[in-house]
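Engineer: what shape does this take:
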Amino acid sequence: MLVKTYGSAVFGVNALTITIEVSISGGNKYYMVGLPDNAVKESLQRVESAINIAGFRMPRQKIVVNLAPADIRKEGSAYDLPIAIGILAASGQIPSEELENYFIMGELSLDGAIQPIKGALPIAIQAQNDGFKGFILPKQNVREAAIVDGLIAYGVETLAQVIAFFNKSEKLEQVKINTKEEFLKNIGNYEHDFSDVKGQENIKRALEIAAAGGHNVILIGPPGAGKTMLAKRLPTILPPLNLYEALETTKIHSVAGKLSAADALMTIRPYRSPHHTISDVALVGGGIHPQPGEISLAHNGVLFLDELPEFKRTVLEVMRQPLEDRKVAISRARFSVEYPASFMLVASMNPCPCGFYNHPEKECVCAPGVVQKYLSKISGPLLDRIDLHVEVTPVNFSELASSREAEKSEYIRKRVIRAREIQDLRFADKQDLHYNAQMSPKMVRKVCQINEAGTTLLKSAMERLGLSARAYDRILKVARTIADLDGSENVALEHLAESINYRSLDRDGWAG
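Structural biologist: Residues are numbered from 1 along each chain as shown. From the prediction side, this is the model:
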């Protein structure tokens, strides 16, 4: 007898429908075809044990399991459950009439318990697109699938529950999620707040500008100056995720298996902070079984690279294209996938190996030339993609001991949102342009026009401070963002002057 069940394979952040065909006929061998990997081939041992524990029998006949389309490689253990149900239906132990209405996915333990899977949300979206009635999946993943409107999501814990459902001897409880309510429930609910940071008003201002224009930023300062503390609070002043961004971000984390059982929808912007020993594959994604990297997990949020010069140069260089294109394409001999990667890069670094170059109180003990060598670990092309270079100085005791409450993130966020609204109007007719940091040189000339006095100031600053040519466009972009924060239609002299201060690493002689 031939029976079909339905599941899915995840490629990138999207899913593809897989038909699991089970045929039982005369003979005594098991065959698994359709480009299965080792985890899929091993499923028959798990399936046999789970079926026996559930009180049913594994047929002692020729069983052929085909995973169609057969030219696409099937990976992982999530096909265990549809294979088990297919075998039981093909052997006449459960009816097969309802199988065509459901996607079924889940890994089986030997005792019949169902383990969680990756990519439940994109699979659920694919099931809805293909017109399936429902999706039967592990209970740990059911909240992800339940946010897809028009699809019935059933969370199950054991194979016996699924068998009883198709035998109509037990009903499964549908999990319902109000997507709008779930989205609004925790939006803006951040653990950290800018009011926790004492002093550092100039750094907070720089991060406000970065958030308003979507600019990448690097913080340079000695150990203990508060660089990491400030970076952790940057997501709290970014505009809240809209529903489309929340779904897109949730899909990526679902594919990577990073969502907890309690999460249905990510409602706060992600913050990722990988260690400097990370490999280039872990950062950008890929691998034998392709997975999103840290830059994709930071999509619509913040990627913080602490101690930037300590990262391997190859790791930093692979970020150059994603920073420009806001997506990463992973191409290998057997597959090609694309992951979104639109993130704000926030990097921090000490000014030298000992950490105290340019320190107001402590003396740098690095040998001559060491500072320049340390800074040269960051390549020019990567630095070219960072708009704001901000020097962070230590907080003095009087500021630390002050009882005056600092400004809360919610007030800064309101100003950022107003500036973003101005940019939304400005770039309304541009499909892939949303904020100032994304402007091309041609767009900079059009949007960031300055008067004669501004031109004189910029010329003087570039000559006096020895600013590089690449600083020119960056200064204009940041000045445009400062003007947006002020609600100004034109880029004024004070906006240019402030923007020029945020190009520390471009100054000749900064590192001796």
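
Engineer: please count neighbours and contacts with C-alpha atoms only from this point.
Structural biologist: OK.

Engineer: how about Glu338, phi and psi?
Structural biologist: Taking degrees, to the nearest 10, you get phi -130, psi 130 for the backbone angles of Glu338.

Engineer: cool, and Ala113?
Structural biologist: phi -70, psi 150.

Engineer: domains of this protein?
Structural biologist: By the assignment in automatic domain parsing, the chain contains the domains 2-176, 194-414, 439-512.

Engineer: can you tell which of these is closest to Ile422?
Structural biologist: When the domains of the chain are ranked by proximity to Ile422, the top entry is domain 439-512, at 6.8 Å, counting by Cα to Cα.

Engineer: number of residues surrounding Ile412?
Structural biologist: Around Ile412 sit 20 other residues, with neighbours defined as other Cα atoms under 10 Å.

Engineer: re earlier: dump the domains of the chain into TSV; add mean pLDDT as well.
Structural biologist: Rendered in TSV, the data for the domains of the chain read as follows (pLDDT from 0 to 100):
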stretch	mean pLDDT
domain 2-176	93
domain 194-414	87
domain 439-512	85
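
Engineer: for these, give me a markdown table that also has distance to Asp429.
Structural biologist: A markdown table is the format used below for these (distance: least, Cα to Cα, whole Å):
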| stretch | distance to Asp429 |
| --- | --- |
| domain 2-176 | 27 |
| domain 194-414 | 18 |
| domain 439-512 | 13 |
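
Engineer: which one of the ones you listed lies closest to Glu182?
Structural biologist: Put simply, out of the domains of the chain the one that sits nearest Glu182 is domain 194-414, at 6.9 Å, with distance taken as Cα to Cα.

Engineer: mind listing the strands for the stretch 301-450 of the chain?
Structural biologist: When assigned using DSSP state E, counting those that start in this stretch, the strands of the stretch 301-450 of the chain occupy the ranges 302-305, 327-331, 336-340, 344-349, 388-391.

Engineer: where along the stretch 151-300 of the chain do the strands fall?
Structural biologist: Assigned strands in the stretch 151-300 of the chain, in chain order: 152-156, 217-220, 271-272, 285-286, 291-292 (criterion: DSSP E, counting those that start in this stretch).

Engineer: if we compare these, which one ends up closest to Ala256?
Structural biologist: Of all the strands of the stretch 151-300 of the chain, it is strand 291-292 that lies closest to Ala256, at 6.2 Å by Cα to Cα.

Engineer: strands paired with that closest one, and their directions?
Structural biologist: Partner strands and pairing direction for strand 291-292 (DSSP bridges) are strand 285-286 (antiparallel).

Engineer: surely Leu305 is in contact with Met344?
Structural biologist: No. Checked against Cα atoms under 8 Å, the pair Leu305 and Met344 is beyond contact range at 10.9 Å.

Engineer: who's more crowded, the two?
Structural biologist: More crowded of Leu305 and Met344, by other Cα under 10 Å: Met344, with 27 against 23.

Engineer: do a quick rundown of the helices in the stretch 151-300 of the chain.
Structural biologist: For the stretch 151-300 of the chain, applying DSSP state H, counting those that start in this stretch gives helices covering 159-166, 179-185, 201-213, 227-232, 243-255, 280-284, 294-297.

Engineer: how about CSV for the ones you listed, with mean neighbour count and distance to Thr267 added?
Structural biologist: Conversion of those to CSV gives the following (neighbours: other Cα atoms under 10 Å; distance: least, Cα to Cα, whole Å):
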stretch, mean neighbour count, distance to Thr267
helix 159-166, 19, 32
helix 179-185, 14, 6
helix 201-213, 22, 18
helix 227-232, 21, 17
helix 243-255, 21, 6
helix 280-284, 19, 23
helix 294-297, 28, 14
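
Engineer: out of the ones you listed, flag the one nearest Gly76.
Structural biologist: Nearest to Gly76 among the helices of the stretch 151-300 of the chain is helix 243-255; the distance by Cα to Cα comes to 12.4 Å.

Engineer: and the closest one, what does it pack against?
Structural biologist: Judged by 3 or more Cα pairs under 8 Å, 6 or more residues apart in numbering; DSSP states H and E, helix 243-255 is in contact with helix 120-129, strand 291-292, helix 294-297.

Engineer: deepest in the core, which of those is it.
Structural biologist: Each of the helices and strands packed on helix 243-255 was given a mean neighbour count from mean count of other Cα atoms under 10 Å, and the largest, a mean of 28, is that of helix 294-297.

Engineer: who touches that helix?
Structural biologist: Here helix 294-297 makes contact (Cα atoms under 8 Å, 6 or more residues apart in numbering) with 249, 252-253, 270, 272, 274, 282-285, 303, 327, 339-343.

Engineer: out of the helices and strands packed on helix 243-255, which is closest to Ser260?
Structural biologist: With Cα to Cα, the closest approach to Ser260 among those belongs to helix 120-129: 11.9 Å.

Engineer: other SSEs contacting the closest one?
Structural biologist: strand 2-11, strand 14-25, strand 134-138, helix 142-146, helix 243-255.

Engineer: for the residue nearest to Gly214 when sequence neighbours are not counted, give its distance to Asp484.
Structural biologist: Nearest-residue entry for Gly214: Ala437, 5.5 Å, with adjacent residues in sequence omitted and distances by Cα to Cα, 6 or more residues apart in numbering. Computed as Cα to Cα, to the nearest Å, the Ala437 to Asp484 distance reads 13 Å.
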